[in-house]
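Asker: Structure, please.
(chains A and B)
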Amino acid sequence: KQEVTQIPAALSVPEGENLVLNCSFTDSAIYNLQWFRQDPGKGLTSLLLIQSSQREQTSGRLNASLDKSSGRSTLYIAASQPGDSATYLCAVDTGRRALTFGSGTRLQVQP
Amino acid sequence: DAGVIQSPRHEVTEMGQEVTLRCKPISGHDYLFWYRQTMMRGLELLIYFNNNVPIDDSGMPEDRFSAKMPNASFSTLKIQPSEPRDSAVYFCASSSAVPYGYTFGSGTRLTVV
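Answerer: Coordinates of the predicted model:
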């Protein structure tokens, strides 16, 4: 059974810092991996999707990497802003379409 | 497109009552998912459909939970009878095959007292 772990559970940084969120998964036979953002009381917004054949994806200040063999992904956020404050969730699709989620990293960016 | 639409946004009900949550997926998406989010267990898959057919309901916690998708534009998740431990946020999501996309609704916050 696929298990997804995210470290750290919570992170507080001053504005402008670069930061890295970590995600690990137990079964490397994945179809893709996604990073989502969830604001309090809201739904999930997809940030980046990495196919199993890819090593990384970039969108603006966000960069996600994937190392399938070691079962790890990182989300790098450059020059963090208070508006980046949210919970970030990692999820893997093993090919059956349903996603297995990590428990998330709650990020607070201090102005 | 208005995205995935869930109703109601909030539901407060008494233990033992029947609860029905509703979802309208994005037009053209052929997968529909029901997830539940709690502080203790995070986001868990309950059931998903492909082309209106249930594919995997192994995440449905008990016989008190049932889900239907009578057509491509509507799905329901029913809890009967409801219990306080069912209190959670229930998310519906839909997905397309080509291009691959995954869209979540805003969720229904259920409180059973």
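
Asker: Show the contacting residues for residue A:84.
Answerer: Shown in contact with residue A:84 (C-beta atoms under 8 Å, 6 or more residues apart in numbering or on different chains): A:77, A:107, A:109. Where you see a C-beta, it was placed from the backbone N, CA and C, and this is true even at glycine.

Asker: quick one, phi/psi of it?
Answerer: The phi/psi pair for residue A:84 (degrees, to the nearest 10) reads phi -80, psi -10.

Asker: re the thing from before, among the contacts of residue A:84, which are in strands?
Answerer: In this view, the contacts of residue A:84 that belong to strands under DSSP state E are A:77, A:107, A:109.

Asker: Test my guess that the second one contacts residue A:83.
Answerer: Which is residue A:107. No: shown here, residue A:107 and residue A:83 do not form a contact pair, counting by C-beta atoms under 8 Å, at 10.9 Å.

Asker: more crowded one of these two?
Answerer: residue A:107 (21 against 9; other C-beta atoms under 10 Å in any protein chain shown).

Asker: Contact partners for that one?
Answerer: Listed by C-beta under 8 Å, 6+ apart, the contact set of residue A:107 reads A:10-13, A:19, A:21, A:77, A:80, A:84-88.

Asker: any idea which of the residues you listed is the one closest to residue B:39?
Answerer: residue A:87 (11.6 Å; C-beta to C-beta).

Asker: mind checking pLDDT for that closest one?
Answerer: Model confidence at residue A:87, expressed as pLDDT, equals 97.
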